[in-house]
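In: build me a structure from this.
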Amino acid sequence: MTAAPDYFEDLGPARATYKRLLGDDISFRHWTDPGDLTGFDLVLPLLVWGYQRDSPRWFTLLDQLEQQQIKCANPVSVLRWNSDKSYLLELEQAGLAIVPTVISAALTHDDFARVTEKFGSDELVVKPPISGGADGTYRLRPGDPLPDSIAGKQMLIQPFQPAIAAEGEYSVFYFGGTFSHAILKRPAKGNFRVQEFLGGSESGTDCPAGAQELSVQARQAAEQILGIETLLYARIDMLRGADDRFRLMELELIEPSLFFGHAADGGDLFATGVNAALPR
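Out: Numbering: from 1, shown residues only. Below is the predicted model:
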């Protein structure tokens, strides 16, 4: 499935990459109006970019896929769980090091004072629990006016992590439980968001030992929580905390950019996993 027709990002390069890896039999359907999917052997939601902008429709689609017993990779239970970033607190309870996170049910300035005291940071990052592409994500200080788009809304609040600008954000990729590659994403000067359309950049990198360890822990914890054997694909985003310990930022199991251009095999491991998931 792909993004809605009016989504701003060009899907052409991603479509071409998936056709190269998976063959000409692949069919692309907009997630907002996918039509009848019951005849497909496997549904991959890898390009449903923008689902956070109409989450009720997204969850209705997930319910439909589940009711019709349509095979998805990753499974619908994974997609539903991963849609709301409050899963970070569940992973923290499982023993993972995450970027410290507090959930505000209805964001106010009082929340800023409380979180500032809790984390000892007067610079905060605020984002919706259902988000993507840096939508609705702000870097704020106590006393800054709250943008209308987030005031009074449920929000995640995190202390700003200086490593995002000083070193960057690591993304580690696993296909079928096997490590594929890692990249380092950096924001443009003066920004803290790493997305390319905001001026961010990425490069291939060796995966530091601590990052590799955290990525394995995060993937295995999610599999255990969700009761599945192996995630077909997973992107684990993290950065280095002030204590030099890697901390989980996000676990991307729905529609992550997979940056096959930095994989030594060009994505063959991913294609092997998809083909193995098809019925025999």
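In: helix or strand with the lowest mean pLDDT in this structure?
Out: Least confident helix or strand of the chain, by mean pLDDT, DSSP states H and E, is strand 201-204 with a mean of 80.
In: which strands and helices lie in contact with that one?
Out: Contacts defined by 3 or more Cβ pairs under 8 Å, 6 or more residues apart in numbering; DSSP states H and E place strand 201-204 against strand 178-186. All C-beta spots, glycine's among them, are computed from the backbone N, C-alpha and C.
In: mind listing the strands for the chain?
Out: Along the chain, the stretches classed as strands by DSSP state E are 102-104, 124-127, 138-140, 155-159, 169-175, 178-186, 201-204, 233-240, 246-252.
In: weakest of those in terms of mean pLDDT?
Out: Lowest mean pLDDT within these: strand 201-204, a mean of 80.
In: quick one: distance of it to the chain centre.
Out: Between the centre of strand 201-204 and the centre of its chain there are 17 Å (Cα atoms, centre = their mean, to the nearest Å).
In: quick one: strands adjacent to that strand?
Out: strand 178-186 (antiparallel) (DSSP bridges).
In: where does this structure dip in pLDDT?
Out: Along the chain, the model assigns pLDDT under 70 to residues 3-8, 134, 188-201.
In: residue closest to the middle of it?
Out: When Cα atoms, centre = their mean is applied to the chain, the residue found nearest the centroid is Glu252 (3.0 Å).
In: out of everything not next to it in sequence, what's closest to that residue?
Out: Counting by Cβ to Cβ, 6 or more residues apart in numbering, the nearest residue to Glu252 once its immediate chain neighbours are dropped is Arg235, at 4.1 Å.
In: the one you found pairs with what?
Out: Assigned bridge partners for Arg235, using DSSP bridges, are Phe173, Glu252.
In: my read: it touches Leu258, true?
Out: Yes - shown here, Arg235 and Leu258 form a contact pair, counting by Cβ atoms under 8 Å, at 6.7 Å.
In: now do the shared contacts for those two.
Out: Phe173 (Cβ atoms under 8 Å, 6 or more residues apart in numbering).
In: mind listing what's buried in stretch 151-168?
Out: Judged by neighbour count (16 or more other Cβ atoms under 10 Å), stretch 151-168 contains these buried residues: 153, 155-161, 163-164, 168.
In: next one: stretch 54-61
Out: For stretch 54-61, by 16+ other Cβ under 10 Å, it's 58-59, 61.
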